[in-house]
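Could you look at this predicted model? Sequence included:
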Amino acid sequence: MSPSYVSRNIRAIAWIKAARKEFEEFPPVAQDNLLDALSLAAEGGMASFAKPLSGFGSGIFELALRHKGDAFRVVYAVQIADAIWVIHAFQKKSKSGIKTPKIEVDLIRDRLKRLKDALK
């Protein structure tokens, strides 16, 4: 009996340059966990700490990783072009509430608009 192989359509992970720079400032263990989650998204799955980001329509997700008492966030889009696009990465500083701070929401909205315009 020969082994059977399943062909998977794995999408590329693309980065907005500023998001990559922000991400690279995260601790290495947090980076590894978040990259695993992005790879899972590229394979069509969803990490246990991923959730849709409200207020942006469908296809925009946030990874919310807790690491050593800190909160690290990565926002990505799955419905832009043929890749998983990483839009923003930040460390959430607020100690109260889970809501994404307005300054971060505004930055995500601006980057999404510029990315969509650039890919037209």
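That came through, no problem.

and the helix or strand harbouring Phe61, what other elements does it pack with?
If you go by DSSP states H and E, Phe61 is part of strand 60-67. Counting contacts by 3 or more CB pairs under 8 Å, 6 or more residues apart in numbering; DSSP states H and E, strand 60-67 packs against helix 28-42, strand 50-52, strand 70-77. (Glycine included, C-beta is placed from N, CA and C.)

Need the per-residue pLDDT for the closest residue in space to Glu43 that isn't next to it in sequence.
What sits nearest to Glu43 in space, not counting adjacent residues and going by CB to CB, 6 or more residues apart in numbering, is Ile10, at 5.4 Å. Note on Ile10: pLDDT of 87.

So Ile10 lies in a helix, does it not?
No. With DSSP: H, G, I helix; E, B strand; the rest coil as the criterion, Ile10 is assigned coil and is not in a helix.

Tell me how far it lies from Asp32.
Distance of Ile10 to Asp32, given as CB to CB, to the nearest Å: 19 Å.

same question, Ala42
15 Å.

and if you look at Leu107?
Distance of Leu107 to Asp32, computed by CB to CB: 25 Å.

likewise Val75?
Val75 is 18 Å from Asp32, by CB to CB.

go on, Ser54?
27 Å.

Per-residue pLDDT of Thr100, please?
80.

Now do the contacts for it.
53, 62, 73, 92, 108 (CB atoms under 8 Å, 6 or more residues apart in numbering).

just Gln91 next, same as before
Per CB under 8 Å, 6+ apart, neighbours of Gln91: 26, 70-73.

after the helix or strand containing it, next one along is what?
If you go by DSSP H and E, Gln91 is part of strand 84-92. Next in sequence after strand 84-92, counting helices and strands by DSSP H and E, comes helix 102-118.

Please list the outside residues in contact with that next one.
16, 18-19, 53, 55-56, 60, 73, 75, 77, 80, 85, 87-88, 90, 92, 100.

sorry, back to before: okay, Leu107 and Asp32: which has more neighbours?
Leu107 (17 against 11; other CB atoms under 10 Å).

now the more buried one: how far from Asp70?
Distance from Leu107 to Asp70, by CB to CB: 19 Å.

Give me the buried subset of the contacts of Gln91.
Neighbour-count burial (16 or more other CB atoms under 10 Å) is assigned, among the contacts of Gln91, to 26, 71-73.
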